[in-house]
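the sequence isn't on hand, but the structure is:
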């Protein structure tokens, strides 16, 4: 068992154990698997989300033209095959025949055309996914089961993007007849499981799609329960009312609780998820790069990783994991240097006791503790930090995009394409949802320059420049890359922990 230098760990353990004693474990339902997820995405439309918690559910409801599993290899999905034409500016897809949407509607090239025209049109403009697919210029139907995506320029990441989020294929007739609002709450796809019901903030229920093109699932039912409180989720796992608790629910300090239960186990895999405290670069003291650099130098991130995260994470220098294409192993972080931080603050004219606000996700127990430690570090250099927790959907859908944060705000990012472009463009390009404060022509040019490049070495070089430039400008206090930590009941068989949290459960069974 791992030992932890954590003041809150014992309290978490006591809470979780107390929850177990409240009721006896129920009898398991045959063929049903229950999953605890910490967040209700609030929308089931593929073009209206960026959340890994959406993907944890909806990878079972929808399919893309391609699929990427836990091994991170891109393989055929609804497309049986594809080929590059016109020097990479056209992708031709041969589609699976005989596939139907859950409402009985045929899947064909017309559905593909509808999906991407919707994504790139007015409806897509309302959501956060369109910018990932703007390389697509037009969608041409060749015949019922052949479709071309014509590109404005080659997009070396497009096949991966087609495996997730906005690239999920949707039913034209159903959406046209029932309306967008209905589809948002009653999703229909071609996936291994069909939507049954949805209670906001409570659960979503799915049932097996016996006619799934990949073979009937081994499970008959899936229920995802939205449990934001980590101790409650772990108590439910111990009590047998939940079979799987998915990231980022389980705080490091609660791992021993699960490891100590003979019915349960921990699955921890390296993943792409990174955490940072990003800066408001437009307003207040953090508009000054000297202040931003001073804050970075004031925080001993190595101690945070060693003491609080107990080996389940690693320090980052840029806002990406080592698994990301574009990662620069030679990029150096600003050192932990409290005296140097004080000097920079003095040069910037910041007086001792100056206040700043740190906005975080309230249900992220690990970040709550990390933020408290960061607050203590900042107090040592003369800054008075207050921590303001928000409900996750509020901070991600309202506070950050509308530029209403404090001086610093938590950004947790999945980096689901394992390519720095997906993260960097969203975080740093002018006008993007996740970049409410900063405008930088040099950064925009670098980001735009690398997107169409098919020369991997040249594109990687530019992505490294992006990371170095973001570090030079101190756009965030980079913190850590965390493992994806799952708590699971041993009755679940065939589950492979995906590093990107995109659960596809058609091959999973339960005893």
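Structure received. Fair warning: this is a prediction, and the values are worked out from it, not measured in the lab. Residues are numbered from 1 along each chain as shown.

over to residue 178: give its phi and psi.
Dihedral angles of residue 178 (phi, psi; degrees, to the nearest 10) stand at phi -90, psi -20.

how about it, nearest residue that isn't a chain neighbour?
Take residue 178 and drop its neighbours on the chain: the residue closest to it by CB to CB, 6 or more residues apart in numbering is residue 186, 7.5 Å away. The way it works is simple: take the backbone N, C-alpha and C, and place the C-beta from them, glycine included.

can you pull the contacts of that neighbour?
Counting by CB atoms under 8 Å, 6 or more residues apart in numbering, residue 186 touches 44, 178, 195, 198.

quick check: residue 510 touching residue 244?
No - Residue 510 is beyond contact range of residue 244, at 10.1 Å (criterion: CB atoms under 8 Å).

show me the common contact partners of the two, please.
Common neighbours of residue 510 and residue 244 (CB under 8 Å, 6+ apart) are 33, 492.

neighbour count winner among the two?
Using other CB atoms under 10 Å as the criterion, residue 510 and residue 244 rank with residue 244 on top: 23 against 20.

need the pLDDT of that one.
pLDDT, residue 244: 98.

okay but it is in contact with residue 33, surely?
Yes - between residue 244 and residue 33 there is a contact under CB under 8 Å: 7.0 Å.

and for these two, which residues touch both?
Between them, residue 244 and residue 33 share the contacting residues residue 492, judged by CB under 8 Å, 6+ apart.

gap between stretch 118-125 and the chain center?
Centre-to-centre, stretch 118-125 and its host chain are 22 Å apart (CA atoms, centre = their mean, to the nearest Å).

just stretch 171-184 next, same as before
26 Å.

and that stretch, which residues are buried?
By neighbour count with 16 or more other CB atoms under 10 Å, stretch 171-184 contains the buried residues 171-175, 183.

quick check: mean pLDDT of it?
97.

ok, residue 375 touching residue 387?
Yes - look at residue 375 against residue 387 with CB under 8 Å: they come within range, at 6.2 Å.

okay, and the common contacts of those two?
residue 358.

what strand or helix carries residue 371?
In this structure, residue 371 sits in helix 365-380 according to DSSP states H and E.

what sits up against that helix?
Outside helix 365-380, the residues touching it (CB under 8 Å, 6+ apart) are 6, 8, 12, 230, 248, 251-252, 275, 277, 295, 298-300, 304, 308-309, 338, 356, 358, 360-362, 384-387, 389, 410, 412, 477, 479, 482.

show me the domain layout of the chain.
For the chain, automatic domain parsing gives the domain ranges 9-21+29-38+192-270+484-510, 61-178, 274-482.

these into CSV, with extra columns for distance to residue 48?
Output for the domains of the chain, formatted as CSV (distance: least, CB to CB, whole Å):
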stretch, distance to residue 48
domain 9-21+29-38+192-270+484-510, 14
domain 61-178, 4
domain 274-482, 10
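
about what we covered before: between the buried residues of stretch 171-184, which is closest to residue 67?
Of all the buried residues of stretch 171-184, residue 67 sits closest to residue 171, with 18.6 Å by CB to CB.

what is the nearest of the contacts of residue 186 to residue 334?
Once CB to CB is applied, the member of these that ends up nearest residue 334 is residue 44, at 41.6 Å.

what separates residue 119 from residue 186, distance-wise?
Note on residue 119: its distance to residue 186, by CB to CB, to the nearest Å, is 19 Å.

got a list of what residue 103 touches?
171, 173-174, 188 are the contacts of residue 103 under CB under 8 Å, 6+ apart.

go with 10 Å
Residue 103 is in contact with 171, 173-174, 177-178, 186, 188-189, 194, counting by CB atoms under 10 Å, 6 or more residues apart in numbering.

now, which of the residues you listed lie within helices?
173-174, 177-178 (DSSP state H).

chain center to the top helix by length along the chain, what's the gap?
Longest helix in the chain, counting residues (DSSP H): helix 456-473. Relative to its chain's centre, helix 456-473 lies at 22 Å (CA atoms, centre = their mean).

can you pull the buried residues of it?
In helix 456-473, counting by 16+ other CB under 10 Å, buried: 459-460, 462-471, 473.

show the contacting residues for the residue nearest to residue 302 when sequence neighbours are not counted.
The shortest distance from residue 302 to any non-neighbouring residue, by CB to CB, 6+ apart, is to residue 315 (6.2 Å). Going by CB under 10 Å, 6+ apart, residue 315 touches 301-302, 304-306, 309, 333, 478-481.

give me the beta-bridge partners of residue 315?
Beta-bridge pairing for residue 315 (DSSP bridges): residue 480.

can you check residue 197 too?
Going by DSSP bridges, residue 197 forms beta bridges with residue 205.

what's the neighbour count on it?
Using other CB under 10 Å, residue 197 is surrounded by 12 other residues.

and the one 10 residues further on, by the same measure?
Neighbour count of residue 207, defined by other CB under 10 Å: 18.

contacting residues for residue 426?
The neighbourhood of residue 426, defined by CB under 10 Å, 6+ apart, consists of 50, 128, 131-132, 411, 413, 415, 432-435, 447.

from residue 416, how far off is it?
11 Å.

kindly report the same for residue 381.
On the measure of CB to CB, residue 381 and residue 416 end up 36 Å apart.

what does residue 150 give?
Distance, residue 150 to residue 416, by CB to CB: 25 Å.

could I get the buried residues of stretch 171-184 in CSV, plus columns for distance to residue 137?
Converted to CSV, the buried residues of stretch 171-184 look like this (distance: CB to CB, whole Å):
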residue, distance to residue 137
171, 24
172, 20
173, 26
174, 27
175, 23
183, 26
